[in-house]
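# this is a predicted model, with the sequence first.
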Amino acid sequence: MCNLYNLTTTQEAMRRLFRIGQDLFGNLEPSLDVYPDRPAPVIRTGADGERELVVLTWGMPSPPFVTNGKPDTGVTNIRNTASPHWRRWLPRALPKTLGVC
């Protein structure tokens with residue numbers, strides 16, 4: 001699984017489709033491809049329980065044995081989806097309404 005995805009909609013469309021209560025993203029720059037380790041729009045549930053649109057660094061965390069206490073640069077491709085490390089991430093990491101390569 002590759003975590004590069006294509007953003008093919010507008011910020012306003014995301015606000016309407018996902019019923020965003022707070023848009024903390026700022027201005028979404030036009031860009032088709034969203035690459036790992038780059039800023040990207042993410043919809044999450046805020047502390048107040050409302051959905052919010054925020055900018056976060058896109059990507060998946062590395063398994064602990066890879067980082068050995070060093071800063072995590074993330075993983076670009078997940079080849080072993082049966083690994084226990086990915087189980088907690090995969091159910092919520094696949095954007096169903098976005099094109100995922």
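Received the coordinates, thanks.
# so, low pLDDT: which residues of this structure?
Applying pLDDT under 70 to the chain flags the ranges 1-3, 90-101.
# now the strands for it?
Here the chain has its strands, by DSSP state E, at 5-6, 22-23, 33-34, 39-45, 51-57, 99-100.
# list the helices and strands the second one packs on?
In other words, strand 22-23. Under the contact definition 3 or more Cβ pairs under 8 Å, 6 or more residues apart in numbering; DSSP states H and E, strand 22-23 sits against strand 51-57. C-betas here are computed from N, CA, C, even on glycine.
# and for the third one?
Using 3+ Cβ pairs under 8 Å, 6+ apart, the elements in contact with strand 33-34 are strand 5-6.
# tell me the strands beside the strand it packs on, with direction?
Note on strand 5-6: by DSSP bridges, its sheet partners are strand 33-34 (antiparallel), strand 99-100 (antiparallel).
# contacts for the first one, please.
So that's strand 33-34. 4, 5, 6, 7, 40, 58 (Cβ atoms under 8 Å, 6 or more residues apart in numbering).
# which of those sits closest to residue 30?
Comparing the contacts of strand 33-34 against residue 30 with Cβ to Cβ places residue 7 closest, at 8.9 Å.
# quick check: closest non-adjacent residue to that closest one.
Once flanking residues are discounted, residue 7 sits nearest to residue 34: 5.5 Å by Cβ to Cβ, 6 or more residues apart in numbering.
# quick one: which of the strands of the chain is nearest residue 83?
So among the strands of the chain, strand 99-100 is nearest, using Cβ to Cβ, at 18.9 Å.
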